[in-house]
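# below are the sequence and a predicted model; questions follow.
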Amino acid sequence: MRVVVQEAPFDAGAELNAFAKGDTDIGAVVSFTGVTRDVSGGLARMQIEHYPGMTERALTQICEEACARWALADVLVIHRFGTMEPGDNIMMVATASRHRADAFAAADFLMDYLKSRAPFWKKEVTADGADWVAAKDSDEDALDRWS
Amino acid sequence: MRVVVQEAPFDAGAELNAFAKGDTDIGAVVSFTGVTRDVSGGLARMQIEHYPGMTERALTQICEEACARWALADVLVIHRFGTMEPGDNIMMVATASRHRADAFAAADFLMDYLKSRAPFWKKEVTADGADWVAAKDSDEDALDRWS
Amino acid sequence: MINVLYFAWVRERIGLPKEQVETAATTVMDLVEELRAREERYALAFSDLSALRVALDQDLSDFDASLDGVREVAFFPPMTGG
Amino acid sequence: MINVLYFAWVRERIGLPKEQVETAATTVMDLVEELRAREERYALAFSDLSALRVALDQDLSDFDASLDGVREVAFFPPMTGG
């Protein structure tokens, strides 16, 4: 299990290739990459604030919960903070398992919990100014799928 | 949309990095990598046979069906045939979408259909001999999730 | 004249990957009966149809499907890709 | 003495990321009432608690939770990571 919170960019492909490498008893690796999305076509940059200390703690708890629920050989979470350009990777999760159903469910679960339970806040900066991204009810509701 | 059927190894990380690159209106990329799994600890190699012509046709149809069901910016399927060592990548799928739910569901769907509807057959070679891998009822049943 | 293809253990049991078959069969099932009657290795390969799948011109089909206009028939076990 | 942290727009409205607060509050709600009474910017930041979340010693908690033994309280809007 590896949890990384960093300001620097990361190489999603290199992380995927290094993940669960050398493990011959896994059959399935699922990755999710979150990308800075330019919804309206006017995004200059995205700023991500976080709560140092609590962030690592919350992400570790979410990973431990996933490992308790599914048979996972490995779990990876990388999440950036600071300033991102449109198209930049914000974060990624990866799961490795013997079976594809476990790898898919765990990655889906990690994303749902990370969205609403890890202390990150996004601010979108456009030519018109800067706005904090509002949390969506649908993201909170998504957690019900796992209870 | 890109469908690749090849004997040569592929670099999953490089494929992930090249996938949907430069598209700034996507927020979510999901990838699945299938790895040659040494279930019993005695696998020497895996041989994969396929049906040239029908394979590309079936994979393309499955991708088109995924694009019809979910809002996808891009879809990738790579599947190898020939001889694989334990730990080698067999195949990967990737999906890109604005929203994570679509990217996850489409990748999950692609894998379920690819498992039971694309003409590939695996043979496991051990010190004791070679055996064709039996299809699992659970793989066929998995298709009911999407009907 | 129809091209008949065999894959995986069907290919191994019959002992060849592909053959041209001169037939008047109107359905897949008729063709299967003709092949079964040929030799023991065919009878063995086609002994349990629930363990087999068939594709007509590279589309999955059924054993009761018509062969009208079909140029290529393939027999194989359930797929195990991914 | 409790460390109180603010994030995102809560930090911006109050105008600082962190402060030490001398308080006798026994619950989070008591602390919120004390802060609200201080100045307009605090009253504004805490005007709608349904738009706020609270963490006690870096674990998500509730506004009716006890502050007994708590060293760090953080107020912030719902998270938007991922």
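Received it, and whenever you're ready, just let me know what you need. Residues are numbered from 1 along each chain as shown, chains lettered A, B, ... in the order given.
# got the residues of chain A near chain B?
A:11-17, A:22-39, A:41, A:43, A:86-87, A:98, A:100-101, A:103-104, A:107-108, A:111, A:142 (Cβ under 8 Å from any Cβ of the partner chain). Placement of C-beta: from N, CA and C, glycine included.
# I should have written chain C there, sorry.
C:5, C:7-9, C:11, C:55, C:58-60, C:74, C:76-82.
# let's see it at 6 Å
C:7-9, C:55, C:58, C:78-82 (Cβ under 6 Å from any Cβ of the partner chain).
# selecting buried members of the residues you listed in PyMOL, what would you type?
Here is the PyMOL command that selects the buried residues among the residues of chain C next to chain B (16 or more other Cβ atoms under 10 Å in any protein chain shown):
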select buried, chain C and resi 7+8+9+55+58+78+79+80+81+82
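# ranges for the strands of chain C?
Assigned by DSSP state E, chain C shows strands spanning C:2-6, C:18-21, C:53-56, C:59-61, C:72-76.
# please name whichever of the ones you listed is nearest to residue A:7.
Nearest of those to residue A:7, taken as Cβ to Cβ: strand C:59-61 at 51.1 Å.
# just how off-centre is that closest one within its chain?
Centroid separation between strand C:59-61 and its chain, computed with Cα atoms, centre = their mean, to the nearest Å, is 12 Å.
# go on, stretch A:130-139?
On Cα atoms, centre = their mean, the centre of stretch A:130-139 falls 16 Å from the chain's centre.
# chain A: helices as residue ranges?
A:12-18, A:54-69, A:100-117, A:137-142 (DSSP state H).
# export the residues of chain C next to chain B to TSV and tack on distance to chain A and pLDDT?
Shown next, in TSV, are the residues of chain C next to chain B (distance: Cβ to the nearest Cβ, whole Å; pLDDT from 0 to 100):
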residue	distance to chain A	pLDDT
C:7	22	98
C:8	20	98
C:9	22	98
C:55	25	98
C:58	26	98
C:78	17	97
C:79	15	97
C:80	12	96
C:81	12	95
C:82	7	94
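# right, and residue C:29 touches residue C:63 too?
Yes - applying Cβ atoms under 6 Å, one finds residue C:29 in contact with residue C:63, separated by 5.0 Å.
# and residue A:130, bridged to which residues?
residue A:125 (DSSP bridges).
# pLDDT wise, what is it at?
Residue A:130 carries a pLDDT value of 95.
# can you get me a residue count around it?
Using other Cβ atoms under 10 Å in any protein chain shown, residue A:130 has 13 other residues around it.
# same check on residue C:5?
Residue C:5 has 20 nearby residues by other Cβ under 10 Å.
# for it, name its beta-bridge partners.
Beta-bridge partners recorded for residue C:5 (DSSP bridges): residue C:18, residue C:74.
# verify the stated contact: it with residue C:74.
Yes - counting by Cβ under 6 Å, residue C:5 touches residue C:74, with 4.0 Å between them.
# hmm, residue A:30 and residue A:95 touching each other?
Yes - the pair residue A:95 and residue A:30 passes the contact test of Cβ under 6 Å, sitting 5.1 Å apart.
# and the two? which has more neighbours close in?
Neighbours per residue (other Cβ under 10 Å) separate residue A:95 from residue A:30, with residue A:95 holding more: 31 against 26.
# which residues does that one contact?
A:30, A:72, A:75, A:103, A:106-107 (Cβ atoms under 6 Å, 6 or more residues apart in numbering or on different chains).
# and the pLDDT at the residue lying closest to residue C:73 once chain neighbours are set aside?
In space, and not counting its chain neighbours, residue C:73 is closest to residue C:4: 5.1 Å by Cβ to Cβ, 6 or more residues apart in numbering or on different chains. We have a pLDDT of 98 for residue C:4.
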